[in-house]
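Chemist: What follows is a predicted protein model with its sequence.
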Amino acid sequence: KSQYIYKLFLFSSTTNKSLNLSMKLYALIAAAKNPKDGNVYIYSREYSLSDFGIFYRNKVKESFKFLCRESIPFITKDKGTRQSVQHEDQFFVHMLVSDMDNMAVFAFCDTEYPRRVAYKCLEEFMTKFNSKVGIGY
């Protein structure tokens, strides 16, 4: 679960103290549009919502799933693309669309999380998902 959560430690040369800049990756979601019935299904998801209050966690999960379900029909038209969207100045949604099928993986992270690291994480997530499940999921 925490293997995709990265922390960055910067070492200050003036004070010789390490600064812990904690960047959060809130969710990784793999979703696809079924060509037979046209519905969007979420096949894999992982959350790290400890920064949210206990009563808001379910609402945050539902909003993440809603964003995935509603955006899949639009973003899967351009296969092999990467997209990033800032949502309500609170977090970024990074999306990676598969080359082969109507599948996309999503990373929901805070605004300080580096885009390059998020896409590397999405690439690893997609390759592990495809190696475990296969193309026919």
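Modeler: Great, that's in hand. Just so we're clear, the structure is a prediction, and the values are computed from it rather than from any experiment.
Chemist: contacts, neighbours, all on C-alpha from now
Modeler: Will do.
Chemist: Output the lowest mean pLDDT helix or strand found in this structure.
Modeler: Ranked by mean pLDDT, DSSP states H and E, the weakest helix or strand in the chain is strand 7-11, scoring a mean of 32.
Chemist: quick one: the residue minimising distance to the centre of the chain from Ile42, how far?
Modeler: With distances taken as C-alpha atoms, centre = their mean, the residue of the chain nearest its centroid is Ala107 (1.1 Å). Separation of Ala107 from Ile42 (C-alpha to C-alpha, to the nearest Å): 13 Å.
Chemist: what sits against Ala31?
Modeler: Applying C-alpha atoms under 8 Å, 6 or more residues apart in numbering, one finds that Ala31 lies in contact with 40-44, 68-69, 72, 103-105.
Chemist: Just put those residues in CSV and tack on pLDDT.
Modeler: Shown next, in CSV, are the contacts of Ala31 (pLDDT from 0 to 100):
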residue, pLDDT
Val40, 91
Tyr41, 91
Ile42, 92
Tyr43, 91
Ser44, 90
Cys68, 92
Arg69, 92
Ile72, 90
Met103, 90
Ala104, 93
Val105, 95
